[in-house]
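Trainee: predicted coordinates and the sequence they were generated for:
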Amino acid sequence: MRHLWFGLSVIVLVSACMPTPTPTATAVPTPIATLVPGALDAFRKAEQAYNAGNLDQAIEFYTEVITLSPTYTDAYYNRAIAYEDRGDLDQAIADYTRAIEIDPRYVRAIYNRGILYYRQGQADQAIADFTKAIELAPGSPKPYNNRGIAYEEKGDLDRAIADYTKAIEVDPSFAMAYLNRGQAYRLRNLKEQAIADFQKYLELDKTTPHRNEIEQWIRELQ
């Protein structure tokens, strides 16, 4: 079991055994006065379609926005989310990439693209995006946590533990980093450290559905 956090805004994942992220995210709200009238109307229609669960229609309207305002990054970002929800990860990555080309500091797009690279088994690309997200948002524990998971996927436990530790330093209440670091310590057979992290995780996340499993790990390590 591994806990992943995927999103500077709303993306969260809890997965079992091997991490297989399924990120979800809320779309960027309708802009007030930054688009030409036709594009603004299409953006609102896209938002309504997305909220109604009509992904194909949302994609069509976001495409219309992009046609009218081809440098409007939030339209690419929102269309990427719709593609992602539809399961078109390559299309989503392409839209995140285009948003980043327009605005290299668009951290949400960088972060979400890292998630999709990870889902596709491209750990190195995911690490690169999470590293950039750390540069742009150093006060968030989430990119450190996710980069740690990508390092662990590559078998680099030292860097994984270092990133989980940094996530905890940034936010001592970030429960997932304790769980992930505890698992890395467990793989290293560092029993005392693993127990301490698992106990801290249970203290912070009192509603976790995995409590019984983690308590069993603690008993096995004692």
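Mentor: That came through, no problem. Residues are numbered from 1 along each chain as shown.

Trainee: can I assume residue 77 is in contact with residue 97?
Mentor: No. The pair residue 77 / residue 97 is not scored as a contact, 11.1 Å apart, by C-beta atoms under 8 Å. For every residue, glycine as well, the C-beta is placed using N, CA and C.

Trainee: who has more neighbours, the two?
Mentor: Set residue 77 next to residue 97 and count neighbours by other C-beta atoms under 10 Å: residue 77 wins out with 24 against 15.

Trainee: and the next helix or strand past the helix or strand bottoming out on mean pLDDT in the chain?
Mentor: Least confident element among the helices and strands of the chain, by mean pLDDT, DSSP states H and E: strand 12-15 (a mean of 25). Downstream of strand 12-15, the first helix or strand assigned by DSSP states H and E is helix 37-51.

Trainee: so for that next one, what gets flagged as buried?
Mentor: The neighbour-count check on helix 37-51 (16 or more other C-beta atoms under 10 Å) flags 39, 40, 41, 42, 43, 45, 46, 47, 49, 50 as buried.

Trainee: before we move on, what about stretch 106-124?
Mentor: 106-119, 122-123.

Trainee: closest to residue 136 out of those?
Mentor: Taking C-beta to C-beta as the measure, residue 136 sits nearest to residue 107 out of those, at 4.3 Å.

Trainee: model confidence score at the residue nearest to residue 80 when sequence neighbours are not counted, please.
Mentor: Leaving aside its sequence neighbours, residue 80 sits nearest to residue 95 (C-beta to C-beta, 6 or more residues apart in numbering; 3.6 Å). Reading off the confidence values, residue 95 has pLDDT 97.

Trainee: now residue 95: how far from residue 172?
Mentor: From residue 95 across to residue 172, the span is 35 Å (C-beta to C-beta, to the nearest Å).

Trainee: check residue 178 too.
Mentor: For residue 178 relative to residue 172 (C-beta to C-beta), the value is 9 Å.

Trainee: who has more neighbours out of these two?
Mentor: Between residue 178 and residue 172, residue 178 has the larger neighbour count (other C-beta under 10 Å), namely 25 against 12.

Trainee: which residues sit against stretch 204-219?
Mentor: Contacts to stretch 204-219, defined as C-beta atoms under 8 Å, 6 or more residues apart in numbering, come from residues 1, 14, 173, 175, 178-179, 186, 194-195, 198-199, 201-202.

Trainee: switch the cut-off to 7 Å
Mentor: In this structure, residues lying in contact with stretch 204-219 by C-beta atoms under 7 Å, 6 or more residues apart in numbering are 1, 173, 175, 178, 186, 195, 198, 199, 201, 202.

Trainee: quick check: closest non-adjacent residue to the residue of the chain most remote from its centre.
Mentor: Centroid-distance maximum for the chain: residue 222 at 33.4 Å, with C-alpha atoms, centre = their mean. The spatial neighbour of residue 222 that comes closest, neighbours along the chain excluded (C-beta to C-beta, 6+ apart), is residue 195 at 6.8 Å.
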